[in-house]
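Asker: everything below, folded, please.
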Amino acid sequence: MAALALRGAPLATAFASTANGTLRCINVVNFIRLVESRFATDMLQPVREQMALVRAHALPATWLLQFDALVDGPFVGFLKQHMADNHEVGFWFEMNQKICAAAGIPWRGRPDYEWDPDPTVAFTIGYTPAERIRLADAAMEAFHSIWGHHPRSVASWNLDALVVQHLADRYSVDAFAVCRDQIATDGFTIWGAPIAGYYPSKTNAWSPALNAANQVDAPVFRMLGQDPVYYYTKQWRLPDGTQLEQPDTLEPVWVSGQSTAFVDAFLAMLARGPSLNFAYAQLGQENTFPWGRQSQAYPMQMAALAKLRDGGSVHVETMESSGRRFQQAFRQTPAQAQVQLVDPFGNTDPVQRSIWYQSRFYRANLHLRGNIPFFRDITVYSDRFAQPFLHEPTREKNVEQKMLAVVDGYHWSKHPGSTDDDAAGGYLLINGEPLVLAGMPVITEAGQSMVVTMAVGNGRTLTVHFGERMITCELGPADGATLEISFRWDPAKAALKDLGPGSATYRWQAFDYRVALRKGRVARTPTGWKVAAERASIVMELAQHD
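Answerer: Numbers count the residues shown, from 1 in each chain. Predicted coordinates for the structure are as follows:
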């Protein structure tokens with residue numbers, strides 16, 4: 001059945017309620033390397049221009065120094081001279097020749113590279129646990145000798161749980177930041193981590209801790225402001241049909257980050273959209289991108305952020321401040337959401353919208369392609385699931401770090417990223433036919449839960465209740481119509497292991513996990529499995545009982 005494009009509606013009418021007291025934080029984070037080994041560029045100019053802009057708007061900013069920029073070059077002197085009182089300096093934790101020398105570890109990068117972005121060289125997962133601690137201690141000692149204190153903020157594209165716990169426990173780091181989900185960028189894939197902020201597990205920096213005893217008590221934030229609508233299929237395009245072959249994030253160097261429509265829609269979602277307990281975004285750019293690539297969008301974004309700050313709807317602050325605020329507000333990872341009911345690129349054929357829910361037990365994405373809603377992503381977490389390369393260093397050139405998927409709309413599709421009928425997903429059916437929306441969804445927040453109410457024609461309403469531990473789908477009125485969820489994918493790619501009378505068991509990297517059906521009848525299909533409602537209701541428990 002063809003999907004009909006639902007026309008846009010003002011956000012005020014689309015959202016039934018927005019939680020009072022939601023913690024909404026935005027950080028401007030610019031990180032600084034001393035050298036770019038791959039090409040010649042002026043490494044100081046981006047920092048100088050960024051400083052002028054954030055100071056012109058009186059914005060707080062976090063400056064993260066890689067070890068080489070910490071101990072050599074003009075950056076420390078520049079920051080000490082120009083940082084405002086509402087700025088902070090922290091540490092960007094990627095390896096380079098200088099930090100390896102300080103830690104007494106042989107440099108494994110290419111001989112003519114002082115900094116090598118290869119994941120076996122640049123990230124902690126490329127080193128033994130003992131080497132990681134030596135590298136962390138060398139960094140903290142050098143930082144303290146220069147700044148008189150240890151950094152309160154530490155970030156990297158890739159961190160491991162051993163280092164995160166060590167830095168939090170020994171050096172009282174208040175906040176960490178890591179890369180957003182990505183596919184094979186710079187030699188590594190991350191998929192399935194929480195959408196905004198979380199207390200990580202002591203065994204997995206990409207997973208929220210389920211139990212307080214296994215929790216690192218300093219939050220991890222996701223960087224780069226990733227588009228919640230198109231990124232998870234990597235099939236984004238502008239209304240004129242132009243396909244974007246770049247990540248659609250807030251980064252000023254990308255087409256999306258240069259689009260005022262994209263930036264305004266993302267900031268509006270963050271400031272006013274349903275977010276449950278927590279919303280977060282990071283703006284800024286690394287200095288390895290020449291200023292010419294940033295000069296169009298960076299000023300536009302800082303002006304938009306200053307306007308948002310002046311409206312008082314978000315905390316625009318340093319990363320350290322957001323980390324402390326998070327710790328004061330939450331004892332464990334809170335429920336959070338991203339709801340984007342505006343197509344970020346203005347597409348209308350079809351318009352696409354997305355609703356993300358996150359608790360410490362799972363994340364889920366209800367995606368709307370035109371008037372067809374389906375579950376594009378459901379990922380669960382377990383304290384027993386250790387991250388890859390936790391105890392052994394990777395020697396792989398293409399590193400995969402995926403969490404425990406119940407449905408993975410990108411990787412499990414017959415053609416990864418497909419938006420066609422063969423795309424992987426959990427498809428909603430009424431009497432065996434695709435469920436079709438008859439209007440805009442209404443979002444209601446209630447504590448740790450979010451409820452999505454959708455008119456689906458013939459006087460019926462579908463309610464999807466995202467609770468902290470489970471998802472409930474109910475069709476009303478109960479007039480005899482049959483509600484089903486059909487999980488479809490390429491069986492050769494999915495992690496489904498077995499089906500029982502009331503459960504579906506999966507296996508990924510020799511680790512078993514399950515979905516327990518509290519309501520619903522389970523059946524295998526040629527391309528996955530399906531669950532039919534009992535008394536018009538389906539209840540899927542996603543919390544893993546560790």
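Asker: quick check: residue 467 touching residue 449?
Answerer: Yes: proximity of residue 467 to residue 449 meets the contact threshold set by CB atoms under 8 Å, at 4.9 Å. C-beta: built from backbone N, CA, C; applies to glycine.
Asker: those two: which is more packed in?
Answerer: residue 467 (21 against 17; other CB atoms under 10 Å).
Asker: what sits against the more buried one?
Answerer: With contacts taken as CB atoms under 8 Å, 6 or more residues apart in numbering, residue 467 has the following neighbours: 359, 448, 449.
Asker: can you count the residues close to the second one?
Answerer: Spelled out, that is residue 448. 17.
Asker: if we can go back for a sec, can I get the contacts of residue 467 in CSV with distance to residue 58?
Answerer: Rendered in CSV, the data for those read as follows (distance: CB to CB, whole Å):
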residue, distance to residue 58
359, 36
448, 36
449, 38
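Asker: now, which of the residues you listed lie within strands?
Answerer: Applying DSSP state E to the contacts of residue 467, the entries found in strands are residue 449.
Asker: what's the closest of the contacts of residue 467 to residue 113?
Answerer: If you rank the contacts of residue 467 by distance to residue 113 using CB to CB, residue 359 comes first, at 41.7 Å.
Asker: is the nearest residue to residue 511 once chain neighbours are set aside in a helix, a strand, or coil?
Answerer: On the basis of CB to CB, 6 or more residues apart in numbering, the spatially nearest residue to residue 511 that is not a chain neighbour turns out to be residue 385, at 5.4 Å. Using DSSP: H, G, I helix; E, B strand; the rest coil, the secondary structure recorded for residue 385 is coil.
Asker: I'd say residue 385 and residue 204 touch.
Answerer: Yes: at 6.1 Å, residue 385 and residue 204 qualify as touching, with contact defined as CB under 8 Å.
Asker: neighbour-wise, which of those two wins?
Answerer: Neighbours were counted for residue 385 and for residue 204 using other CB under 10 Å; residue 204 has more, 25 against 21.
Asker: pLDDT weak spots in the stretch 201-350 of the chain?
Answerer: Low-confidence segments of the stretch 201-350 of the chain, defined by pLDDT under 70: 234-247.
Asker: how about the contacts made by residue 356?
Answerer: Listed by CB under 8 Å, 6+ apart, the contact partners of residue 356 are 195, 228, 337, 338, 339, 363, 364, 365.
Asker: distance check, residue 162 against residue 118.
Answerer: When CB to CB, to the nearest Å is the yardstick, residue 162 and residue 118 sit 21 Å from each other.
Asker: looking at those two, which has the bigger crowd around it?
Answerer: The residue with more neighbours, out of residue 162 and residue 118, is residue 162; 21 against 17, by other CB under 10 Å.
Asker: give me the helices and strands touching the helix or strand hosting the more buried one, please.
Answerer: Applying DSSP states H and E as the criterion places residue 162 in helix 161-171. Applying 3 or more CB pairs under 8 Å, 6 or more residues apart in numbering; DSSP states H and E, we find helix 161-171 packed against helix 129-147, strand 175-178, strand 200-201, strand 204-208.
Asker: orientation of it relative to helix 129-147 in degrees?
Answerer: 40 degrees (axes from the mean of the first three to the mean of the last three CA atoms, to 10 degrees).
Asker: can you list contacts of helix 161-171?
Answerer: The contact list for helix 161-171, computed with CB under 8 Å, 6+ apart, reads 93, 124, 129, 132-133, 136, 140, 150-151, 154, 173, 176, 200-205, 216-218, 220, 386-387, 390.
Asker: how about the contacts made by the closest residue to residue 212 other than its chain neighbours?
Answerer: Nearest in space to residue 212, with sequence neighbours left out and distances taken as CB to CB, 6+ apart, is residue 332 at 6.1 Å. Residue 332 sits next to 199, 209, 212, 215, 360 when contact means CB under 8 Å, 6+ apart.
Asker: just confirm residue 332 is within a strand.
Answerer: No: counting by three-state DSSP, one finds residue 332 to be coil, located in no strand.
Asker: about what we covered before: reformat the contacts of residue 356 as JSON lines; add neighbour count, distance to residue 70 and secondary structure.
Answerer: Shown next, in JSON lines, are the contacts of residue 356 (neighbours: other CB atoms under 10 Å; distance: CB to CB, whole Å; DSSP: H, G, I helix; E, B strand; the rest coil):
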{"residue": "195", "neighbour count": "22", "distance to residue 70": "31", "secondary structure": "coil"}
{"residue": "228", "neighbour count": "22", "distance to residue 70": "34", "secondary structure": "coil"}
{"residue": "337", "neighbour count": "27", "distance to residue 70": "37", "secondary structure": "strand"}
{"residue": "338", "neighbour count": "26", "distance to residue 70": "34", "secondary structure": "strand"}
{"residue": "339", "neighbour count": "28", "distance to residue 70": "40", "secondary structure": "strand"}
{"residue": "363", "neighbour count": "25", "distance to residue 70": "35", "secondary structure": "strand"}
{"residue": "364", "neighbour count": "24", "distance to residue 70": "40", "secondary structure": "strand"}
{"residue": "365", "neighbour count": "24", "distance to residue 70": "39", "secondary structure": "strand"}
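Asker: and those, which two are furthest apart?
Answerer: Pairwise distances across the contacts of residue 356 peak at 13.6 Å for 339 and 363 (criterion: CB to CB).
Asker: pretty sure residue 351 contacts residue 370?
Answerer: Yes: assessed by CB under 8 Å, residue 351 is found in contact with residue 370 at 6.6 Å.
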